[in-house]
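Student: Quick one: sequence and predicted model below, then my questions.
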Amino acid sequence: MRAIEPDVEGYVERDGLKIGYEVVGSGEPAIFLTPPWSIAHSRMWKAQVAYLARYHRVITAGPLGNGRSDRCTDPPPTPTTR
């Protein structure tokens with residue numbers, strides 16, 4: 001359940017992977033919220049988004065592997081040691 005529905009939902013692409021985002025509200029300045037951990041879902045901000053959207057445009061984005069964002073299928077390259 002959501003505290004408020006997004007006005008806009010979409011994706012941005014980075015290195016061939018999609019990152020999901022949502023926009024709520026229309027005021028300025030815009031506030032960008034992203035989870036502080038890669039294992040947390042962007043809806044962790046749901047209570048804050050509902051309040052902040054009364055006065056600001058609020059943008060949330062989910063990290064890769066979470067929510068509507070793509071999951072990585074290839075592990076990152078391992079650094080070589082000398």
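Tutor: Yep, that arrived.
Student: who touches the closest residue in space to G67 that isn't next to it in sequence in this structure?
Tutor: Leaving aside its chain neighbours, G67 sits nearest to H41 (5.1 Å; criterion: CB to CB, 6 or more residues apart in numbering). No exception for glycine: its C-beta is placed from N, CA and C like everyone else's. H41 makes contact with P35, G62, N66, G67 under the criterion CB atoms under 8 Å, 6 or more residues apart in numbering.
Student: which element is the first one on?
Tutor: Read that as P35. Using DSSP states H and E, P35 falls within no helix or strand.
Student: ok, and the most crowded of the contacts of H41?
Tutor: Counting neighbours by other CB atoms under 10 Å, G62 comes out on top of the contacts of H41 with 22 neighbours.
Student: List the contacts of that residue.
Tutor: Counting by CB under 8 Å, 6+ apart, G62 touches I19, G20, Y21, T34, P35, H41, S42, R68, S69.
Student: Could I get the pLDDT score of it?
Tutor: Turning to G62, the model gives it a pLDDT of 85.
Student: Equivalent analysis for Y11, please.
Tutor: Taking Y11 on its own, its pLDDT is 94.
Student: What is the helix or strand where it lies packed up against?
Tutor: Per DSSP H and E, Y11 falls inside strand 8-14. Here strand 8-14 touches strand 17-24, going by 3 or more CB pairs under 8 Å, 6 or more residues apart in numbering; DSSP states H and E.
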